[in-house]
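> no sequence for this one, just the structure:
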């Protein structure tokens with residue numbers, strides 16, 4: 001299987017591009033409906049492929065305009081565009097946007113009341129809808145798929161497509177069923193959108209959604225308005241103090257990311273004690289509390305939010321001026337995805353990382369508990385195959401964790417693998433229905449073997465992240481080379497990150513010192529090459545003629561002219577030694593005699 005580069009620059013040939021007439025329609029629609037004058041880099045190629053009905057994966061950084069890549073074609077294509085989105089809040093934002101533009105749009109998700117859902121289904125039945133937003137769980141429902149079969153499907157969009165990959169940190173089991181559902185729907189054209197940069201995730205998405213290598217398009221990650229920086233900290237206390245200082249320096253919206261819940265809570269408390277209006281977001285908070293915190297930040301009611309990476313999908317706030325990482329992320333791709341939430345409005349924004357060497361151990365701890373082994377798989381299969389349910393309601397992840405005494409992350413991966421192989425089923429309440437699990441142990445062993453390689457890759461990604469934090473070279477260069485992208489700036493320097501600014505200051509200071517030293521060196525050199533004069537030497541000075549040296553030093557030469565009645569002092573470089581006239585020389589000899 002071909003491994004696709006996450007940043008491969010595949011551009012359509014002349015035979016692949018849309019007609020000039022259709023391109024003109026795109027331009028008119030862009031200006032008339034969306035109020036934009038031109039497309040951003042990467043958007044044109046993606047929209048061209050979508051309009052030709054070609055399966056496409058667009059890898060575009062946060063803020064690059066991924067949504068337009070399906071919104072504009074949806075207004076031109078005949079039929080229904082279905083958008084699968086992992087987050088209801090994100091779905092609502094896109095829905096509101098299209099509604100405001102006058103595009104016939106509906107959404108179907110668990111947050112809607114029964115009456116709204118009935119109205120949406122009726123509009124679909126009457127073929128009055130251009131765009132339908134839904135969740136991956138709803139899309140996987142056979143009854144929902146049966147309804148879609150009655151529609152003319154123009155395009156299926158998988159937003160945040162990295163959730164489809166078991167390798168991805170945001171994996172959602174329902175996403176893994178999209179590939180199978182596509183076959184049931186006679187394989188409509190697919191557009192997958194993601195900002196992830198990991199090669200194995202890109203390959204997994206392309207494989208599951210049947211996207212060819214030529215269909216993987218990538219815009220550059222480089223965003224010149226983002227200013228990256230790293231500060232090395234001595235200890236945890238110093239890091240908290242510096243966090244409070246940096247946040248206080250910034251007047252705009254701020255996200256502070258922490259790896260652990262404990263660290264997030266400690267930073268949040270430190271900010272509150274310093275008088276900073278800050279909120280908190282992590283996975284152990286209740287769902288209502290998380291929603292309230294997110295909405296307060298998105299609406300501008302709260303300026304600063306301290307969060308774990310649970311605060312991720314759907315954060316589409318354009319005016320974030322600072323993203324501060326309090327702890328080391330697991331890799332450059334995860335770091336850039338989070339840091340890239342700054343400055344989506346195109347204005348200058350800071351992306352700071354506080355680096356403490358001990359933070360590497362935190363990520364190594366997570367790595368050790370992330371991937372299941374064959375022993376973990378056998379223990380789980382043996383328990384599920386025994387038929388001994390925890391109680392009448394059956395097994396859940398929490399009960400399996402308690403019984404097997406293994407990390408929930410490992411068990412979650414195993415359950416997702418088994419679900420993907422149809423060995424078990426998991427309902428919306430998390431209850432597990434067990435099938436012929438023992439028959440799938442061979443396949444499970446084979447799949448688990450791949451996690452050994454994945455573990456090694458993750459450790460390499462972590463070391464790459466540490467190298468970024470410790471480098472003295474350009475930060476943007478380290479990021480782009482990590483993504484295997486060409487550098488868009490000369491001399492390998494962005495001139496904006498902390499290292500480039502430091503090097504620029506050093507060069508200015510070096511130039512200043514050189515300007516001070518060179519004249520002295522030139523003077524010394526000139527002095528070493530300049531003639532030395534003594535009293536009585538016969539010399540010539542321009543405009544004054546010949547004379548005799550009366551006194552001389554490195555700074556001045558005093559010369560007497562004529563009958564010694566006129567004396568003048570000159571810089572040594574104005575005075576030239578002259579040949580004594582013969583008659584003067586004879587007179588001097590006679591006088592001496």
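Received it, and whenever you're ready, just let me know what you need. The structure presented is a predicted model; accordingly, all values stated were derived computationally and were not measured.

> burial count for residue 241?
Residues lying near residue 241 (other CB atoms under 10 Å) number 14. From N, CA and C alone the C-beta is placed, and that goes for glycine too.

> Which helix or strand contains it?
helix 236-249 (DSSP states H and E).

> next one: residue 64
Here residue 64 sits in a region with no helix or strand, counting by DSSP H and E.

> Contact partners for the residue lying closest to it once chain neighbours are set aside?
Closest residue to residue 64 in three dimensions, ignoring its sequence neighbours and counting by CB to CB, 6 or more residues apart in numbering: residue 219, at 5.2 Å. Counting by CB atoms under 8 Å, 6 or more residues apart in numbering, residue 219 touches 40-43, 58-61, 64.

> so residue 424 touches residue 414, yeah?
No - applying CB atoms under 8 Å, one finds residue 424 not in contact with residue 414, separated by 9.8 Å.

> Out of the two, name the residue with the larger neighbour count.
Counted by other CB under 10 Å, residue 424 and residue 414 do not tie: residue 414 has more neighbours, with 26 against 23.

> mind giving me the domain split of the protein?
20-218, 226-365+459-492, 373-435, 497-529, 538-592 (automatic domain parsing).

> SS state for residue 411?
helix (DSSP: H, G, I helix; E, B strand; the rest coil).

> right, I mislabeled it, should have said residue 547
strand.

> pretty sure it is touching residue 558, no?
No - if you go by CB under 8 Å, residue 547 and residue 558 don't touch, sitting 9.5 Å apart.

> Neighbour count: these two, which is higher?
residue 547 (24 against 18).

> quick one, what contacts residue 81?
So residue 81 contacts 70, 73-74, 130-132, 154-157 (CB under 8 Å, 6+ apart).

> try it again with 7 Å
For residue 81, the contacting residues are 70, 74, 130-131, 154-155, 157, by CB atoms under 7 Å, 6 or more residues apart in numbering.

> which one of those sits closest to residue 454?
Of all the contacts of residue 81, residue 157 has the smallest distance to residue 454: 27.8 Å, by CB to CB.

> Which SSE is immediately downstream of the helix or strand where the closest one lies?
Per DSSP H and E, residue 157 falls inside strand 153-158. Next in sequence after strand 153-158, counting helices and strands by DSSP H and E, comes helix 178-184.

> name the helices or strands packed onto that following helix?
helix 136-139 (3 or more CB pairs under 7 Å, 6 or more residues apart in numbering; DSSP states H and E).

> Other residues contacting the helix or strand that the helix it packs on is followed by?
Once helix 136-139 ends, the next helix or strand along the chain (criterion: DSSP H and E) is helix 142-148. Helix 142-148 has contacts (CB under 7 Å, 6+ apart) with 82, 138, 181, 184-185.

> okay if I get the domains of the chain as TSV plus distance to residue 448?
Shown next, in TSV, are these (distance: least, CB to CB, whole Å):
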stretch	distance to residue 448
domain 20-218	11
domain 226-365+459-492	18
domain 373-435	5
domain 497-529	41
domain 538-592	85
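
> Determine which of those domains approaches residue 452 most closely.
Judging these by CB to CB, what sits closest to residue 452 is domain 373-435, at 8.6 Å.

> so where's the stretch 51-200 of the chain shaky on pLDDT?
Within the stretch 51-200 of the chain, the stretches with pLDDT under 70 are 166-173, 196-198.

> Break down the stretch 1-150 of the chain into its strands, ranges please.
56-59, 80-84, 105-108, 131-134 (DSSP state E, counting those that start in this stretch).

> ok, now the stretch 251-400 of the chain?
So, for the stretch 251-400 of the chain - with DSSP E, counting those that start in this stretch - the strands run 253-257, 278-281, 304-307, 320-325, 349-355.

> As CSV, those strands with distance to residue 176, mean neighbour count and mean pLDDT would be great.
As requested, these are exported to CSV (distance: least, CB to CB, whole Å; neighbours: other CB atoms under 10 Å; pLDDT from 0 to 100):
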stretch, distance to residue 176, mean neighbour count, mean pLDDT
strand 253-257, 27, 24, 97
strand 278-281, 27, 22, 95
strand 304-307, 27, 26, 96
strand 320-325, 30, 22, 97
strand 349-355, 32, 23, 97
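
> Output those in a markdown table; the columns should cover distance to residue 554.
Shown next, in a markdown table, are these (distance: least, CB to CB, whole Å):
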| stretch | distance to residue 554 |
| --- | --- |
| strand 253-257 | 62 |
| strand 278-281 | 68 |
| strand 304-307 | 65 |
| strand 320-325 | 59 |
| strand 349-355 | 55 |
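
> do you know which of the ones you listed lies nearest residue 433?
Nearest to residue 433, of these and by CB to CB, is strand 278-281 at 33.3 Å.

> Give the other helices and strands that that closest one contacts.
helix 261-273, helix 287-298, strand 304-307.

> Show the contacting residues for residue 188.
Per CB under 7 Å, 6+ apart, neighbours of residue 188: 153, 155-156.

> Need phi/psi at it.
phi -70, psi 160 (degrees, to the nearest 10).

> I'd like the distance between it and residue 145.
12 Å (CB to CB, to the nearest Å).

> before we move on, back to that, which two in the contacts of residue 81 are spaced the farthest apart?
130 and 157 (12.5 Å).

> how many neighbours does residue 365 have?
12.

> Check the spacing between it and residue 375 real quick.
Taken as CB to CB, the span from residue 365 to residue 375 is 20 Å.

> How about residue 109?
For residue 109, the distance to residue 375 - CB to CB - is 39 Å.

> Would you mind telling me which of the two has more residues around it?
residue 109 (18 against 10).

> May I have the phi/psi pair for the more buried one?
phi -160, psi 170.

> Surely it is in contact with residue 136?
No - contact between residue 109 and residue 136 fails when scored by CB atoms under 7 Å: they sit 10.4 Å apart.
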